[in-house]
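*Asks:* Structure of the sequence below:
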Amino acid sequence: MFSGSYDKSVRVWDVQTLECKASLTGHTGAVRALVASPEYVFSGSYDTTIKVWDVHTLKCVKTLEGHEDNVRVLAVGDNAMFSGSWDKTIRVWDLRTLECVKVLEGHTEAVLALAVGEGGPTQGSKVLVSGSYDTTVRFWDLSTYRCLRKCDGHFDAVRVLAAHNGYIFSGSYDGTIGVW
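*Replies:* Numbers count the residues shown, from 1 in each chain. Sure thing, here's the model as predicted:
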């Protein structure tokens with residue numbers, strides 16, 4: 001198990017003993033986002049970077065750069081990792097090459113939440129869903145990275161998203177939960 005901290009580290013925990021096995025360092029700002037793929041753990045930081053850690057060796061294999069402000073949220077899909085930032089963008093990173101392949105723009109405030117779910121333009125296709133301080137939820141087609149729709153309905157920042165059984169749930173600072 002991994003945790004990120006305001007002390008700029010990523011800690012590795014033994015799930016049986018709950019003891020800290022390692023502390024991964026290298027960020028120069030608070031670590032506010034973590035996500036794992038089968039090969040990597042990604043850590044997003046207030047230093048505007050994303051570190052890529054090998055899950056077996058716990059070594060940093062790459063630092064992903066490109067965001068112009070704090071990295072606030074990370075998500076993983078089948079072939080890509082997604083990062084949302086206070087710079088109002090979402091970056092799409094290829095899981096094989098660890099290169100940025102697309103920058104998604106549309107939100108007018110910080111991107112605070114991301115989720116991958118069903119609901120693309122064809123049966124069984126997936127979407128990336130983003131939530132922002134601009135109070136909107138956006139659905140992005142994962143095959144074209146085009147914004148399929150922008151949903152209004154919250155009156156404050158959209159802070160969390162979850163995907164389950166074809167539905168997207170959004171939680172907002174306005175105290176409501178949206179079902180999309």
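*Asks:* Please enumerate residues in contact with stretch 42-49?
*Replies:* The set of residues that contact stretch 42-49 without belonging to it, under Cβ atoms under 8 Å, 6 or more residues apart in numbering, is 2, 4, 8, 10, 24, 27-36, 50-53, 63-65, 67-74, 76, 81, 83, 85. For every residue, glycine as well, the C-beta is placed using N, CA and C.
*Asks:* Mark which of those are buried, thanks.
*Replies:* Buried subset of these (neighbour count, 16 or more other Cβ atoms under 10 Å): 2, 4, 8, 10, 24, 27, 30-35, 50-53, 64, 67, 70-74, 76, 81, 83, 85.
*Asks:* ok, the residue nearest the centre of the chain - contacts?
*Replies:* Per Cα atoms, centre = their mean, the C-alpha nearest to the average position across the chain is that of Leu74, at 1.6 Å. Residues in contact with Leu74 (Cβ under 8 Å, 6+ apart) are 33-35, 42, 44, 50, 81-84, 114.
*Asks:* starting at the chain centroid, how far to the helix or strand hosting it?
*Replies:* For Leu74, the element it lies in under DSSP states H and E is strand 71-76. Strand 71-76 has its C-alpha centroid displaced from the chain centroid by 2 Å (Cα atoms, centre = their mean, to the nearest Å).
*Asks:* Partner strands of the following helix or strand past it, with direction?
*Replies:* Tracing the chain past strand 71-76, the next element assigned as helix or strand by DSSP H and E is strand 80-85. Each strand paired with strand 80-85, and its direction, by DSSP bridges: strand 71-76 (antiparallel), strand 90-94 (antiparallel).
*Asks:* average pLDDT across the longest one?
*Replies:* Right, strand 71-76. Averaging pLDDT along strand 71-76 gives 98.
*Asks:* ranges for the helices of the protein?
*Replies:* Defined through DSSP state H, the helices belonging to the chain form an empty list.
*Asks:* tell me the residue furthest from the middle of it?
*Replies:* Residue distances from the centre of the chain (Cα atoms, centre = their mean) peak at Thr17, which lies 28.4 Å from the mean C-alpha position.
*Asks:* So what does that one have for phi and psi?
*Replies:* When quoted as degrees, to the nearest 10, the phi and psi of Thr17 stand at phi -100, psi -10.
*Asks:* residues touching Leu114, list them.
*Replies:* Remark: with contacts taken as Cβ under 8 Å, 6+ apart, Leu114 is in contact with 73-75, 82, 84, 90, 128-131, 161.
*Asks:* Fine by me, we can end here.
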